[in-house]
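**Q** Here is my input, please return the structure:
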Amino acid sequence: MAIENITMPQLGESVTEGTISKWLVSPGDHVHKYDPLCEVLTDKVNAEVPSSFEGEIVELIASEDETVAVGEVICTVKTGSSETIARPEAEPGLDPDAAVPEPEAEKGKKVRYSPAVLKLSQEYGIDLNRVKGTGREGRITRKDLLKIIESRGNEAEPAPSKPEPAKPAPSKPEPARHTPPASRPQPVREAAEEDMVIPVTGVRKAIANNMARSKQEIPHAWMMVEADVTNLVRYREAVKEEFKRREGFNLTYFAFFVKAVARALKEYPALNSRWAGDAIIQKHDVNISIAVAAEDRLYVPVIKHADEKSIKGIAHEIAVLAQKARAGKLAPEDMEGGTFTVNNTGSFGSVQSMGIINYPQAAILQVESIVKRPVIMEEGMFAARDIVNLCLSIDHRILDGLVSSRFLKRVKEILEAVTPETAPLY
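**A** Numbers count the residues shown, from 1 in each chain. Next up, the predicted model:
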């Protein structure tokens, strides 16, 4: 027999870590190859991790709610492929427990700590031997340490901030010893007794990292146009009930906007690009990312080849992807390959906003609420018209104002010219 490792898979491009949201197995369970072991949450997808082997679950190394880097071991499985039981990471002749440096445990029992737990304990000087774990089989989790930090603040056995005086080492720089306190999470340290401390983990942590990266690396520029979509509103109102009866899903305004953007991107492919350091990659396929909010999560699934789809096809994709996102059933392939993002901020009542670009794309378009406004028509007559703001954020390294304004103007023209003839549903 042999002990095999199950590692955290890469669940999508640019995904570097995942959070174990729920274990579906326990130590001692027998699993077949491809049986689901756990549910993993990332900023892009909520997916099940299948077993790569058939055998018996030996140990669940990662705890629930623990964030694990791609490639790290999350559990071990005992298979029948070898006569000896040994940890794959242990070299021949060494004690398997010595293969991974760990703190000493009482009575020789092995204790495993995740990288997140070790980092927090070092930063706050917490003696892990004195912490009672609440994880599976008494494992210490990140939540256990955060509770200690929240309840005791900086009194959690702070690590020495000054070097040991016994051995002066003038040749070595010492400022590094003073950096850990500065790197501590500020919200935890500054929380008052009556405040609630919410750990930044899983999807929220990934969203924060991606948004910060986008704003730090991409020089954002912004522009907006108004579009008169009165004809579009009348057209949709006339066909939406019959469409729902025939197709079984809603014909939303958003489908018309996505179609208009896809058409304009074919005419202005510079907007369908990404920055690559010493080059700009102009993508051939028009794959529209759409933002879908679900509770405290934000997913960005992708409508592949949107320029080749009808309005009915786009409406169907929107309905399916939104349902999967809110049910936590998006697969990695649903999130990959986006070349341009369209955000339906108008569904929340917004009338003007500036989107943060979905890194590493070149632009994002915010579609705002359609509102009734008085408009001066020909011959000085006033009329109530349906107006929408289209707000475009661009990467100024890739795009300049001229091509961006032409693209936005073209989207406006397509939307204002919507009729049954110019925008057939099928």
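**Q** where does the stretch 1-150 of the chain have low pLDDT?
**A** Low-confidence segments of the stretch 1-150 of the chain, defined by pLDDT under 70: 12-14, 43-45, 81-112, 114-116, 136-137.
**Q** Let me see the ranges of the helices in it.
**A** Ranges of helices within the stretch 1-150 of the chain are 115-124, 142-152, based on DSSP state H, counting those that start in this stretch.
**Q** To Leu402, which of those helices lies closest?
**A** helix 115-124 (47.7 Å; CB to CB). All C-beta atoms are positioned from the backbone trio N, CA, C, and that covers glycine.
**Q** Can you list the helices and strands that the closest one packs against?
**A** helix 142-152 (3 or more CB pairs under 8 Å, 6 or more residues apart in numbering; DSSP states H and E).
**Q** Same question for the helix it packs on: list its buried residues.
**A** By 16 or more other CB atoms under 10 Å, the buried positions in helix 142-152 come out as Arg142, Lys143, Asp144, Leu145, Leu146, Ile148, Ile149, Glu150.
**Q** Equivalent analysis for stretch 392-402, please.
**A** Neighbour counts using 16+ other CB under 10 Å place Leu392, Ser393, Ile394, Asp395, Ile398, Leu399 of stretch 392-402 among the buried residues.
**Q** Need the max-distance pair from those.
**A** The most widely separated members of the buried residues of stretch 392-402, counting by CB to CB, are Leu392 and Ile398 (13.0 Å).
**Q** quick one: which helix or strand includes the residue nearest to Asn46 when sequence neighbours are not counted?
**A** Take Asn46 and drop its neighbours on the chain: the residue closest to it by CB to CB, 6 or more residues apart in numbering is Gly328, 3.9 Å away. Counting by DSSP states H and E, there is no helix or strand that carries Gly328.
**Q** ditto for Leu425
**A** Element membership of Leu425, judged by DSSP H and E, is empty: it is in no helix or strand.
**Q** want to throw the buried residues of helix 142-152 into JSON lines with distance to Val117?
**A** Converted to JSON lines, the buried residues of helix 142-152 look like this (distance: CB to CB, whole Å):
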{"residue": "Arg142", "distance to Val117": "6"}
{"residue": "Lys143", "distance to Val117": "10"}
{"residue": "Asp144", "distance to Val117": "8"}
{"residue": "Leu145", "distance to Val117": "6"}
{"residue": "Leu146", "distance to Val117": "10"}
{"residue": "Ile148", "distance to Val117": "11"}
{"residue": "Ile149", "distance to Val117": "12"}
{"residue": "Glu150", "distance to Val117": "16"}
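**Q** can you give me how far the host helix or strand of Lys409 is from the chain middle?
**A** Per DSSP H and E: Lys409 is located in helix 401-416. On the basis of CA atoms, centre = their mean, to the nearest Å, the separation between the geometric centre of helix 401-416 and that of its chain is 30 Å.
**Q** Mind listing what's buried along that helix?
**A** Within helix 401-416, judged by 16+ other CB under 10 Å, the buried ones are Ser404, Phe407, Leu408, Arg410, Val411, Lys412, Ile414, Leu415.
**Q** Columns distance to Met8 on top of these, output as JSON lines?
**A** Supplementary listing: these in JSON lines, determined by distance: CB to CB, whole Å:
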{"residue": "Ser404", "distance to Met8": "39"}
{"residue": "Phe407", "distance to Met8": "40"}
{"residue": "Leu408", "distance to Met8": "41"}
{"residue": "Arg410", "distance to Met8": "44"}
{"residue": "Val411", "distance to Met8": "41"}
{"residue": "Lys412", "distance to Met8": "45"}
{"residue": "Ile414", "distance to Met8": "44"}
{"residue": "Leu415", "distance to Met8": "44"}
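**Q** what about Ile280, how many residues close to it?
**A** Residues within reach of Ile280, counting by other CB atoms under 10 Å, total 15.
**Q** among the buried residues of helix 401-416, which two are most distant?
**A** Among these, Ser404 and Leu415 lie farthest apart (CB to CB), at 16.9 Å.
**Q** Surely Met354 and Trp222 touch.
**A** Yes. The pair formed by Met354 and Trp222 meets the contact definition of CB atoms under 8 Å, at 5.0 Å.
**Q** Identify the contacts common to those two.
**A** Where contact means CB atoms under 8 Å, 6 or more residues apart in numbering, the residues bridging Met354 and Trp222 through contact with each are Cys391, Ser393.
**Q** Test my guess that Ile414 contacts Ala260.
**A** Yes. With contact defined as CB under 8 Å, Ile414 and Ala260 form a contacting pair (4.2 Å).
**Q** who touches both of the two?
**A** Shared contacts of Ile414 and Ala260, counting by CB under 8 Å, 6+ apart, come down to nothing at all.
**Q** Which of the three states applies to Ile198?
**A** When the structure is split into helix, strand and coil by DSSP: H, G, I helix; E, B strand; the rest coil, Ile198 lands in coil.
**Q** Would you report the backbone torsion angles of it?
**A** According to degrees, to the nearest 10, the main-chain angles of Ile198 amount to phi -110, psi 110.
**Q** just the strands in the stretch 51-200 of the chain please.
**A** Under the criterion DSSP state E, counting those that start in this stretch, the stretch 51-200 of the chain carries strands at the ranges 55-60, 67-69, 73-79.
**Q** Can you check which of those gets nearest to Ile376?
**A** When these are ranked by distance to Ile376, counting by CB to CB, first place goes to strand 67-69 at 56.3 Å.
**Q** Adjacent strands (with direction) for that closest one?
**A** In its sheet, strand 67-69 lies beside strand 17-23 (antiparallel), with partners assigned from DSSP bridges.
**Q** where does the partner strand sit relative to the chain's centre, distance-wise?
**A** Remark: strand 17-23 is offset 13 Å from the chain centroid, using CA atoms, centre = their mean.
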